[in-house]
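*Asks:* model this:
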Amino acid sequence: MTETETVLVADVGGTWIRFALARVSPGAAPTLGSQRRLAVQDHASLIAAARCYLQCLDSSQTPPDRAVLAVAGRVDGHRAIMTNHPWNIDAVECSQALAMRQVQLINDFAAQALAVPHLGEGDRVALCGSVSVRLGPPAQTYVILGPGTGLGVSALLSRSGQHFALESEGGHAAFAPKTDRQRAILDVLGARFQRVSYERLLSGAGLSNLHWAVARRAGIADALPIQPEDVTERARAGDPLANEAIELFCEVLGAFAGDLVLTFGGWDGVFLSGGLVPVLLDQLQGEKFRRAFEDKGRFSTQIAHVPVFAVTHPQAGLLGAAASARQPALATVPVGPVRGGSQPDGQPADPDSRLRAT
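*Replies:* Numbers count the residues shown, from 1 in each chain. Model (predicted):
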């Protein structure tokens, strides 16, 4: 890229799809305009949703001829299969149907990771007394994760001014309970699901699952799952079961975030994103999250120095997609062998992860 360009960017989640026109140019931070949010369930395909968005643009605007689509699911070349929605997305089909010269697909949390270097001080909140974060030479590594419709996981590698996002499906790793209470919750959920991943607890549906499991464990045999917004509303009203569910949520999220620091070597900081983070911001500032985050045995002292931030930018996924658009050809480096098959819980296998560069 040698000059300023307008690119269609999208953040495609299991519930909402967000569109914007991004102005991108070499060496400058991307900017977003003409933002719009559409309900996924209202459209038969991503192509149909994109057409709806493009048709609503001001007629004076030049239609973009390139797009970067951040998709909540595993991206394999020019195809993506969404995890929490039945859409299968093909970049070649999108390019042809939308009359664009190029359509690129990236994982939605790779986009969240690529947004981190462009977040201002007002776009993040330090949790539990965390100190400021610095991005730049020579080398830093950060963890990005977040509960929303699903549970996204990525890492950002900052190396000599370049930023690389690691694509993963880490949210589908098997839940590892750390306490007797968590083991009891796993027993309850294990009777309902063939396999209990972290996403079964750390997502919108996961918060509902936790509330249901807490109720069943309290002896309410006929308890039924309720919506996550009902859990948070009941917690605000003082309901003990809802408050215990949220407490467990923060505890498990803290432990998982700390484990990801060890896994990725993310000693320079953790960024929490996703739709549930602003809703539970006050609870995440509590001791349950931080205590579980730091409880790492022989590494507890080292991890105590790792800062954690909640991302409050309203469109971080779009910002990250726009940041990736500055590279006409995204660097894609496999870091594991490709294998077929499916996970025990029926989800598509995660045969490899990839690096995205910007």
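*Asks:* from here on, contacts and neighbour counts on C-alpha atoms
*Replies:* Noted.
*Asks:* hang on, isn't Ala80 packed against Leu105?
*Replies:* Yes: Ala80 lies in contact with Leu105 (CA atoms under 8 Å); the separation is 7.4 Å.
*Asks:* quickly list what's touching both of those two.
*Replies:* Each of Val71 lies in contact with both Ala80 and Leu105 under the rule CA atoms under 8 Å, 6 or more residues apart in numbering.
*Asks:* where does pLDDT dip in the stretch 251-358 of the chain?
*Replies:* 327-358 (pLDDT under 70).
*Asks:* just the helices in it please.
*Replies:* Along the stretch 251-358 of the chain, counting by DSSP state H, counting those that start in this stretch, helices occupy 276-279, 281-284, 287-294, 300-303, 316-324.
*Asks:* with just CA atoms, put the second one into PDB.
*Replies:* This file holds the C-alpha atoms of helix 281-284, laid out as PDB (Å, rounded to 0.1, in the frame of the first residue of the first chain):
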ATOM      1  CA  LEU A 281     -16.400  -4.400  34.700                       C
ATOM      2  CA  ASP A 282     -17.100  -3.700  38.400                       C
ATOM      3  CA  GLN A 283     -16.900  -7.400  39.300                       C
ATOM      4  CA  LEU A 284     -13.700  -7.900  37.300                       C
END
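*Asks:* run the chain-centre distance for it.
*Replies:* Relative to its parent chain, helix 281-284 has a centroid offset of 18 Å by CA atoms, centre = their mean, to the nearest Å.
*Asks:* then stretch 257-266?
*Replies:* Chain-centre distance of stretch 257-266: 16 Å, with CA atoms, centre = their mean.
*Asks:* re earlier: return the most buried member of the helices of the stretch 251-358 of the chain.
*Replies:* Each of these was scored by mean neighbour count; the highest is helix 316-324, a mean of 31, by mean count of other CA atoms under 10 Å.
*Asks:* show residues contacting it.
*Replies:* Against helix 316-324 from outside (CA under 8 Å, 6+ apart): 7, 9-11, 18-20, 22-24, 29-32, 68-70, 106, 108-116, 118, 330, 356-358.
*Asks:* from the middle of its chain, how far away would that helix be?
*Replies:* Its chain's average C-alpha position is 12 Å from that of helix 316-324, according to CA atoms, centre = their mean.
*Asks:* burial of Phe299, as a residue count?
*Replies:* Here the count is done by other CA atoms under 10 Å, and Phe299 has 11 residues near it.
*Asks:* so that it lines up with my notes, have the first residue be 50 from now on.
*Replies:* Taking 50 as the first residue, the last one we looked at is Phe348.
*Asks:* distance of it relative to Arg150?
*Replies:* The gap separating Phe348 from Arg150 is 49 Å, by CA to CA, to the nearest Å.
*Asks:* with Ala223 instead?
*Replies:* Distance check for Ala223 against Arg150: by CA to CA, it reads 40 Å.
*Asks:* next one: Ile66
*Replies:* 22 Å.
*Asks:* more neighbours: which of these two?
*Replies:* Ile66 (20 against 12).
*Asks:* quick one: secondary structure of that one?
*Replies:* Here Ile66 is recorded as strand under DSSP: H, G, I helix; E, B strand; the rest coil.
*Asks:* Asp114 and Val56 touch, don't they?
*Replies:* Yes: counting by CA under 8 Å, Val56 is a contact partner of Asp114 at 7.1 Å.
*Asks:* compare the two and say which is more crowded by neighbours.
*Replies:* The neighbour comparison of Asp114 against Val56 (other CA under 10 Å) goes to Val56, with 23 against 16.
*Asks:* name the nearest residue to Ile295, ignoring sequence neighbours.
*Replies:* Nearest non-adjacent residue to Ile295, counting by CA to CA, 6 or more residues apart in numbering: Leu256, 7.2 Å away.
*Asks:* next: His134.
*Replies:* Closest to His134 by CA to CA, 6+ apart is Gly63, at 5.4 Å.
*Asks:* the one you found and Asp229, how far apart?
*Replies:* Here the criterion is CA to CA. By it, Gly63 lies 33 Å from Asp229.
*Asks:* who's more crowded, the two?
*Replies:* Neighbours were counted for Gly63 and for Asp229 using other CA under 10 Å; Gly63 has more, 20 against 9.
*Asks:* quick one, strands of the stretch 200-349 of the chain?
*Replies:* Assigned by DSSP state E, counting those that start in this stretch, the stretch 200-349 of the chain shows strands spanning 200-208, 211-216, 319-321.
*Asks:* distance check, the residue positioned nearest the centre of the chain against Ala97.
*Replies:* For the chain, the residue nearest the mean C-alpha position is Gly201 (3.3 Å; CA atoms, centre = their mean). Gly201 is 25 Å from Ala97, where distance means CA to CA.
*Asks:* same check, this time on Ala240
*Replies:* From Ala240 to Ala97 the distance is 39 Å (CA to CA).
*Asks:* more neighbours: these two, which one.
*Replies:* Set Ala240 next to Ala97 and count neighbours by other CA under 10 Å: Ala97 wins out with 15 against 10.
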